[in-house]
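Colleague: what's the 3D shape of this:
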Amino acid sequence: MFRLCAGLNRSIVFLGMSLSILLADGAVDALEVGDKAPPFELAGSDGRIHRLAEYLSNGGLVIAWYPRAFTAGCTLECKSLAEDGDLIRAYGVPVVMASVDPLSENERFARETGADFPILSDSSKAIARAYGVLHQERFALRTNFFLASDGSIVAIDRNVNPATAAADIARKLGELGFERAATGNEATPQGN
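Modeller: As a prediction, this is how the structure comes out:
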């Protein structure tokens, strides 16, 4: 009996260590559809402090996490959102990009890519960690979170195509039942 318990204890310890490694590596997703989005208060490239609660009171939000400013994929994604952002704005749902880059880097990135939306800086990495997108404590995984006005996560896209990011987000908003906003006012998923 003692041998069985000792073997079981070793297995449990090994399992716990394996889970810890997976969590630290970002291989296990912390958030799922239906979960409440973790609140945030982050500085944006537009000189403002952005709070999740303010976005939710206006109807919802899309948060587009990206790995690093000025890398090829991230530049493509940012330019897609800047150039084709009207597709998203048609739903009245704001989009922000977010990374763990320093604010000064995100400000420069926004200027150079023509971003007409805020790029949020999570240099402490606490919010990226809370959203389950922090990879090896170095950068955020490219992931889009679609949030309803009640703060619930209604969709997560972990397979973002940087070149078609804006069109893909707009299509997803339509699939989720967000109504097209004729006047740019708030939009919410149908049934919420």
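Colleague: for this structure, what spans make up the strands?
Modeller: Here the chain has its strands, by DSSP state E, at 41-44, 49-51, 61-65, 95-99, 119-121, 134-135, 139-140, 143-147, 153-157.
Colleague: in TSV, list those strands along with mean neighbour count.
Modeller: C-betas here are computed from N, CA, C, even on glycine. As requested, those are exported to TSV (neighbours: other CB atoms under 10 Å):
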stretch	mean neighbour count
strand 41-44	18
strand 49-51	15
strand 61-65	25
strand 95-99	25
strand 119-121	26
strand 134-135	20
strand 139-140	24
strand 143-147	23
strand 153-157	18
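Colleague: dump those strands to CSV, plus distance to A128 and mean pLDDT.
Modeller: Below are the strands of the chain laid out as CSV (distance: least, CB to CB, whole Å; pLDDT from 0 to 100):
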stretch, distance to A128, mean pLDDT
strand 41-44, 10, 97
strand 49-51, 15, 97
strand 61-65, 7, 97
strand 95-99, 8, 97
strand 119-121, 10, 97
strand 134-135, 4, 93
strand 139-140, 5, 94
strand 143-147, 10, 97
strand 153-157, 14, 97
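Colleague: what's the closest of those strands to N106?
Modeller: strand 119-121 (4.4 Å; CB to CB).
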